[in-house]
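Visitor: what follows is a predicted protein model with its sequence.
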Amino acid sequence: MIIMSEEFEELSFDEEEEEVEEEEIISKTPEKSKTPGSKKISVYFQSTIGPSPKQEKLVVATDAPIGDIKYTVSQIFGLPPDEFHLSHAGRTCDSDDVLEDYGVEDGDTILLIPVSTAG
């Protein structure tokens, strides 16, 4: 037979003396990149390809690469990306540049211009 005895201490709970240690929570989700100059703007993309002009409004980041925008626009308009250029204010946009390199502002229109195959 085992006999156990328990000793009890008097415990008092005083809220003022209680210090709560805050545990730092580390997220496993990567933080979104926040580029200081980046913002989102609404831009109209107008196709000059085909019998009637088509226009779509997209919200894009000003630091988005032209190549990425061109790919997205190609999907929307159903055109192969190698068959058109993007043009803003008379300047053809290079795929390696970003949107803000061309001074594109909220509400501006970017044209889809067919690639010239004249030889």
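Guide: Now that the structure is in, tell me what you want to look at. These numbers were taken from a predicted model, which means no experiment stands behind them.

Visitor: CA atoms for contacts and neighbours, from now on please.
Guide: Noted.

Visitor: so where's this protein shaky on pLDDT?
Guide: For the chain, applying pLDDT under 70 flags the ranges 1-37, 117-119.

Visitor: ok, now with 50
Guide: By pLDDT under 50, the weakly predicted segments of the chain are 1-2.

Visitor: what's next to stretch 63-80, contact-wise?
Guide: Here stretch 63-80 makes contact (CA atoms under 8 Å, 6 or more residues apart in numbering) with 37-39, 45, 47, 81, 85-86, 93-100.

Visitor: and the helices in the protein?
Guide: Applying DSSP state H to the chain gives helices spanning 66-77.

Visitor: any chance you could map the strands in it?
Guide: In the chain, the segments counted as strands under DSSP state E are 40-47, 54-61, 84-88, 91-93, 109-114.

Visitor: can you redo those as CSV with mean neighbour count and distance to residue 72?
Guide: Shown next, in CSV, are the strands of the chain (neighbours: other CA atoms under 10 Å; distance: least, CA to CA, whole Å):
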stretch, mean neighbour count, distance to residue 72
strand 40-47, 18, 11
strand 54-61, 14, 10
strand 84-88, 20, 12
strand 91-93, 15, 15
strand 109-114, 20, 12
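
Visitor: can you put those strands in CSV and add distance to residue 69?
Guide: Putting these into CSV (distance: least, CA to CA, whole Å) gives the following:
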stretch, distance to residue 69
strand 40-47, 10
strand 54-61, 8
strand 84-88, 9
strand 91-93, 11
strand 109-114, 11
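
Visitor: and residue 41, bridged to which residues?
Guide: With DSSP bridges as the criterion, residue 41 is bridged to residue 60.

Visitor: same thing with residue 85?
Guide: residue 113.

Visitor: ok, and what's touching stretch 87-107?
Guide: Contacts of stretch 87-107 (CA under 8 Å, 6+ apart): 41-44, 61-68, 70, 85-86, 109-113.

Visitor: quote the end-to-end distance of that stretch.
Guide: 15 Å (CA to CA, to the nearest Å).

Visitor: do the same with stretch 70-90
Guide: 17 Å.

Visitor: please renumber so the chain begins at 13
Guide: Noted, 13 is the first residue going forward, which turns the last one into stretch 82-102.
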